[in-house]
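**Q** From the sequence below, what's the structure:
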Amino acid sequence: MHFDLTDLRLFLHVAEAGSITAGAARAGLALASASARVRGMEEQAGVPLLERGRRGVEPTPAGRTLLRHARLVVGQVERMRGELGEYARGLKGHVRLLANTAAAAEFLPEILAAFLAANPNVDVDLDERPSPEVARAVAEEEAEIGVAASHADLSGLEVMPFRTDQLVLIAPPGHPFAGRGRIAFAEALGCEFVGFAGDSALGGHLAGHAARAGGRMRTRVRVRGLDAACRMVALGAGIAVVPEAAARRWDARGGLAVVQLVDPWAERRLVVVVRRLDALPSHARRLAEHLAAA
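**A** The predicted structure follows:
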């Protein structure tokens, strides 16, 4: 049985994306080539590695075994690249970074840009996930580094402080809530919301708190991105809950009422998490330390 590094990287991308098409794009391969490689891997293994469904693919039990070994092999190669990269500047290092919505949209762009400018031989894949998924993925070595809210289960991980994130309610200026200084999230559930796409970490977080409050969000429109939500609210499409940093940045243009949420969960301490800092490849360790120091 012979799987090369391209096979293993492709299988990791396909499993993480839940799609051969998306996995091929992440791996930089044509769909036909990626499909042929996956079929070749299954022929060599003698068993199906992926279960195909209408909504994509997921690893079979044999595929999960391959996935575990693929992460170990690819991780070891990355550590080798990082260590050799100290001597041979031509080698590229790669880091997978997962972050919740606030970190990915508001805090990381400038910090990552500065790191990438100073480290031209390091590439970073940034994916948005809910904080519990970020913590789980780092613990299971699906990603080297995560940025998550501290309410997630961080047991077994090394944790470094990052930022404080305050969620606020935003409304158009003429809305009944516009004159309020503070409000409970449950009180807002009777209103129409500008929500977020189904795979949004923040959208899932808010839906969970709505359910725990005994209600649900009446979502008129779902958008991708915090700027789009702020703009829709300013134009009167509904109210929304966003990180305060996003609301204040967008409201520099005027047009939003920002109302503090009194719920304890609205203030979140964001942290950088790794499985073991000293076990990371040197380029990934540099990124983790850069995030913690920023």
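
**Q** How about the contacts made by the residue most central in space within the chain?
**A** Centroid-nearest residue in the chain, with C-alpha atoms, centre = their mean: Glu128, separated by 1.9 Å. By C-beta atoms under 8 Å, 6 or more residues apart in numbering, the contact list for Glu128 reads Leu98, Ala99, Asn100, Thr101, Ala104, Ala105, Asp199, Ser200, Ala201. For every residue, glycine as well, the C-beta is placed using N, CA and C.

**Q** Quick check: pLDDT value at it.
**A** Per-residue pLDDT puts Glu128 at 90.

**Q** how close does it get to Thr21?
**A** Here Glu128 is placed at a distance of 20 Å from Thr21 (C-beta to C-beta, to the nearest Å).

**Q** cool, and Pro130?
**A** The spacing between Pro130 and Thr21, counted by C-beta to C-beta, is 24 Å.

**Q** Kindly report the same for Gln44.
**A** 22 Å.

**Q** what's the answer for Ala30, then?
**A** Distance from Ala30 to Thr21, by C-beta to C-beta: 11 Å.

**Q** What is the burial count for Arg129?
**A** If you count neighbours by other C-beta atoms under 10 Å, Arg129 ends up with 23.

**Q** ok, and the closest non-adjacent residue to it?
**A** In space, Arg129 comes closest to Leu98 once its chain neighbours are excluded; the distance is 4.9 Å by C-beta to C-beta, 6 or more residues apart in numbering.

**Q** Give me the sheet partners of the helix or strand hosting Met160 and which way each runs.
**A** Per DSSP states H and E, Met160 falls inside strand 158-171. Neighbouring strands of strand 158-171 in its sheet, by DSSP bridges, are strand 240-243 (antiparallel), strand 257-261 (antiparallel), strand 267-274 (antiparallel).

**Q** Can you tell me which of the ones you listed is most buried?
**A** Greatest average neighbour count among the strands paired with strand 158-171 goes to strand 240-243 (a mean of 27), per mean count of other C-beta atoms under 10 Å.

**Q** Helix or strand next in line after that one, which one?
**A** Note on strand 240-243: by DSSP H and E, the next helix or strand toward the C-terminus is helix 244-250.

**Q** Next, the buried residues of that next one.
**A** By 16 or more other C-beta atoms under 10 Å, the buried positions in helix 244-250 come out as Glu244, Ala245, Ala246, Ala247, Trp250.

**Q** pLDDT (mean, whole number) over that helix?
**A** For helix 244-250, the per-residue pLDDT averages 88.

**Q** quick revisit: CSV please, covering the buried residues of helix 244-250 and showing distance to Gly75.
**A** Shown next, in CSV, are the buried residues of helix 244-250 (distance: C-beta to C-beta, whole Å):
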residue, distance to Gly75
Glu244, 37
Ala245, 33
Ala246, 34
Ala247, 39
Trp250, 39
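
**Q** Among those, which one lies nearest to Asp278?
**A** Nearest to Asp278 out of these is Ala245 (C-beta to C-beta; 32.1 Å).

**Q** Quick check: closest non-adjacent residue to that closest one.
**A** Glu106 (4.5 Å).

**Q** I'd like the distance between the one you found and Arg275.
**A** Glu106 is 25 Å from Arg275, by C-beta to C-beta.

**Q** repeat for His69
**A** Taking C-beta to C-beta, one finds His69 at 17 Å from Arg275.

**Q** Have a look at those two and say which one is more surrounded.
**A** Between His69 and Arg275, Arg275 has the larger neighbour count (other C-beta under 10 Å), namely 17 against 12.
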